[in-house]
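1. Need a 3D model of the sequence below.
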Amino acid sequence: MSTYVIFIKDATLDSEEMAIYADKASQARGDNPPKPLAFYGDITTLEGPEAEGAVVLEFPDRQAALAWYESPAYQEAKQHRLKGADYRVMMVEGV
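-> The predicted model follows:
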């Protein structure tokens, strides 16, 4: 069952850290690379707080999504994201 990892960027804190994150995250593809379905496109907030940006990544299943997220390469990239911006990140299984 397809699984989606959703990143919601609330606020940028350090654009230099985000540039490092973008470079490292793009290299953290692994054996099951994510398929980007939405990548910082135009956002219309219908409910809840405004978001600065959003990304939706598709994986073939939950195990592939977790393997990517927990990989050493992504975890290294993540350290720069945590310094660079406030995000909400969630994983949801498709139907």
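2. Tell me which stretches of the chain form helices.
-> For the chain, the helices defined by DSSP state H occupy 15-27, 62-70, 72-84.
3. from the chain's centre, how far out does stretch 45-57 sit?
-> What separates the centre of stretch 45-57 from the centre of its chain is 12 Å, taken as Cα atoms, centre = their mean, to the nearest Å.
4. same thing with stretch 10-23?
-> The chain centroid and the centroid of stretch 10-23 are separated by 12 Å under Cα atoms, centre = their mean.
5. just stretch 34-43 next, same as before
-> Counting by Cα atoms, centre = their mean, stretch 34-43 comes out at 9 Å from the chain centroid.
6. For that stretch, which outside residues touch it?
-> 4-5, 50-51, 53-59, 65, 68 (Cβ atoms under 8 Å, 6 or more residues apart in numbering). C-beta here means a position set from N, CA and C on the backbone, and glycine is covered the same way.
7. And the average pLDDT for it is what?
-> Computed over stretch 34-43, the mean pLDDT rounds to 96.
8. Sort out which residues of that stretch are buried, please.
-> 34, 38 (16 or more other Cβ atoms under 10 Å).
9. re earlier: can you tell me which of the contacts of stretch 34-43 are buried?
-> In terms of neighbour count (16+ other Cβ under 10 Å), the buried residues within the contacts of stretch 34-43 are 4-5, 53-59, 65, 68.
10. Show me which of the residues you listed is closest to A85.
-> Minimum distance to A85 across the buried ones among the contacts of stretch 34-43 is 8.5 Å, recorded for G53 (Cβ to Cβ).
11. Assess the claim that that closest one and K9 are in contact.
-> Yes: between G53 and K9 there is a contact at 4.0 Å, judged by Cβ atoms under 8 Å.
12. Which members of the buried ones among the contacts of stretch 34-43 occur in strands, if any?
-> Among these, the subset assigned to strands under DSSP state E consists of 4-5, 53-59.
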